[in-house]
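K.L.:
Show me the folded form of this:
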Amino acid sequence: MSLLFRSLPTVALRSKPCPLTCLPFYFFNFHINSRPTSLIINPPRRPLSSSSSSSTSVVVTDNRIPLSPPPNTTDALQWVSRNQYCGELTENDVGKRVRLCGWVALHRIHGGLTFINLRDQTGIVQITTLPDDFPDAHSTMNGLRLEYVVAIEGVVRPRPAESVNKKMKTGTIEVAAEDVQVLNAVRLKLPFLVTTADDAKDSAKEEIRLRYRCLDLRRPQMSSNIILRHRVVKLLRRYLEDVHDFVEVD
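P.N.:
Modelled structure (predicted):
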């Protein structure tokens, strides 16, 4: 008899199945709401009897922070490639449609027109706008600042005689921008001006230059040093390998 009483609590516990733990995992249907973070678990449907006409559901609150939906990366995956370099444009390219990429070296507004000097590793070319024909490009160029990385598409045309700059390699031509796209913007104040850093009387301290090395390497002097080093090392290797059959081992 005592054995029978001892088994009664166990029987009583087992007679009340848990609606959550006793169900197979594949019967669970999870729905995560975007605003109130809750987890709704629906038990499997059973045949409805005449006495009950609705199924029950258990709501379990989840305090985790909901994840924001992934951003639309369609625009970010579009690759913008140039078909011409700034310093390689000449008067023979007048009338040609080009796509240029580079840094904004100079920005000025004069007579209702916006002008910028676009710089890449080959040189600088002047970009101008046509406010009446391409207002979107004109509006975008008005918001540009120094060292913005931009992609510009337009047509090469000769400069007016009064605005020819003989100090520039491309001083006799300019590009009329039809489409301007900002690839990267500058949010903070520049520690020193990249374009005029070599001509400035008070040059930036070496500590500042090393701290902002990405800007320092854009300077014309540093850029020419990198290219010169590359050409010297390339010439040495070609001479040793092609003439004397040297093998370079690291």
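K.L.:
Determine the longest helix present in this structure.
P.N.:
Using DSSP state H, we find that the single longest helix of the chain is helix 220-238.
K.L.:
Can you give me the buried ones in that one?
P.N.:
Buried residues in helix 220-238, counted by 16 or more other Cβ atoms under 10 Å: 220, 222. For glycine as for every other residue, the C-beta is placed from the backbone atoms N, C-alpha and C.
K.L.:
Against which helices or strands is that helix packed?
P.N.:
Helix 220-238 is packed against no helix or strand, with contacts defined by 3 or more Cβ pairs under 8 Å, 6 or more residues apart in numbering; DSSP states H and E.
K.L.:
Not counting its own residues, what contacts it?
P.N.:
121, 195, 198, 216-217, 248 (Cβ atoms under 8 Å, 6 or more residues apart in numbering).
K.L.:
mind listing which of those residues are in strands?
P.N.:
Members of the contacts of helix 220-238 lying in strands (criterion: DSSP state E): none.
K.L.:
For PyMOL, write the selection for the buried entries among those.
P.N.:
Selection of the buried residues among those in PyMOL, burial being defined by 16+ other Cβ under 10 Å:
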select buried, resi 195+216
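K.L.:
can you tell me which of the contacts of helix 220-238 lies nearest to Y239?
P.N.:
Among these, E248 lies closest to Y239 (Cβ to Cβ), at 12.2 Å.
K.L.:
From E241, how far out is the closest one?
P.N.:
Separation of E248 from E241 (Cβ to Cβ, to the nearest Å) stands at 7 Å.
K.L.:
At which residues are the strands of the protein located?
P.N.:
Under DSSP E, the chain gives strands at 30-32, 38-41, 58-61, 97-110, 113-120, 123-129, 149-158, 173-184.
K.L.:
Quick check: neighbours of the fourth one in the sheet, parallel or antiparallel?
P.N.:
Here strand 97-110 is paired, per DSSP bridges, with strand 113-120 (antiparallel), strand 149-158 (antiparallel).
K.L.:
now the longest one and strand 123-129, what's the angle there?
P.N.:
What that stands for is strand 149-158. For strand 149-158 against strand 123-129, the angle between stretch directions is 80 degrees (axes from the mean of the first three to the mean of the last three Cα atoms, to 10 degrees).
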